[in-house]
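> Show me the folded form of this:
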Amino acid sequence: MSTAFIRPILKKDNPKIAKVIRQVLIDFGVPKVGTAYADKTLDMLYDVYQKPRAAYFVIEFEDKIIGGCGFSQLDNFEGNVCELQKMYFLPEARGKGLGKQMIESCLELAKKHRFNQCYLETMPYMDAAQKLYKRNGFEDLDGPMGDTGHFSCTVHMIKNI
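As a prediction, the model looks like this:
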């Protein structure tokens, strides 16, 4: 029996993870404007995360990419804050503890890169995601930090790391 596992993104994963992210966003009815769907870099995530203090991980199961998540310096923000980015899982990846493992993988590495806090943005109707984030120590903020360009994401959270 195969087991899903988390690993760093490879260049060959670019089209697969972009397809996963777009599919999840469509499934949730997320606006295409003001969200990750419209990000110009969505088709080249491997390249985007090849910079200091950044990483992106994928979940692989039976040679198929079923989810991913990364972190990077929070855009347009002065301070030692990273952003948890593009955490999207297909249905077959949900409810198996992979979200917790993914968050832990990202935050462990972010801490090694000397970030003090981790910020994230999500949609108000993504209840399961918000519960996951809260169970992992994220707290609600009154408004956004930095300027990610994701103006349709109206839930903002942060965690000290």
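> any weak-confidence spans in this structure?
Low-confidence segments of the chain, defined by pLDDT under 70: 1, 31, 33-35, 37, 149-152.
> Could I get the full set of strands for it?
For the chain, strands defined by DSSP state E occupy the ranges 5-8, 55-61, 64-73, 81-89, 117-122, 139-140, 155-160.
> Does residue 67 touch residue 86 like I think?
No - in this structure residue 67 lies outside contact range of residue 86 using Cβ atoms under 8 Å: 10.0 Å. C-beta coordinates here come from the backbone N, C-alpha and C atoms, glycine included.
> Look up the residues that both of the two are in contact with.
Contact criterion Cβ atoms under 8 Å, 6 or more residues apart in numbering; residues shared by residue 67 and residue 86: none found.
> possible to save the strands of the chain as CSV with distance to residue 23 and mean neighbour count?
Formatted as CSV, these follow (distance: least, Cβ to Cβ, whole Å; neighbours: other Cβ atoms under 10 Å):
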stretch, distance to residue 23, mean neighbour count
strand 5-8, 19, 14
strand 55-61, 14, 21
strand 64-73, 11, 23
strand 81-89, 8, 24
strand 117-122, 17, 22
strand 139-140, 28, 10
strand 155-160, 21, 17
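> May I see the ones you listed organised as TSV, with distance to residue 20 added?
Listed next are the strands of the chain as TSV, based on distance: least, Cβ to Cβ, whole Å:
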stretch	distance to residue 20
strand 5-8	14
strand 55-61	8
strand 64-73	6
strand 81-89	6
strand 117-122	17
strand 139-140	27
strand 155-160	21
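> for the ones you listed, which one sits closest to residue 47?
In terms of Cβ to Cβ, the element of the strands of the chain nearest to residue 47 is strand 55-61, at 10.1 Å.
> Show me what that closest one is in contact with.
Identification of contacts with strand 55-61 by Cβ under 8 Å, 6+ apart yields 2-9, 13, 16-17, 45-46, 48-49, 65-71, 85-86, 89, 92-93, 98, 102, 105-106, 109.
> swap in stretch 121-133?
Under the contact criterion Cβ under 8 Å, 6+ apart, stretch 121-133 has outside partners 28, 30, 35, 83, 87, 94, 99-100, 103, 120, 144, 148, 150, 152-157, 159.
> can you rerun that using 10 Å?
If you take Cβ atoms under 10 Å, 6 or more residues apart in numbering as the criterion, stretch 121-133 is touched by 24-25, 28-31, 35-36, 83-85, 87-89, 94-95, 99-100, 102-103, 118, 120, 138-141, 144-146, 148, 150-159.
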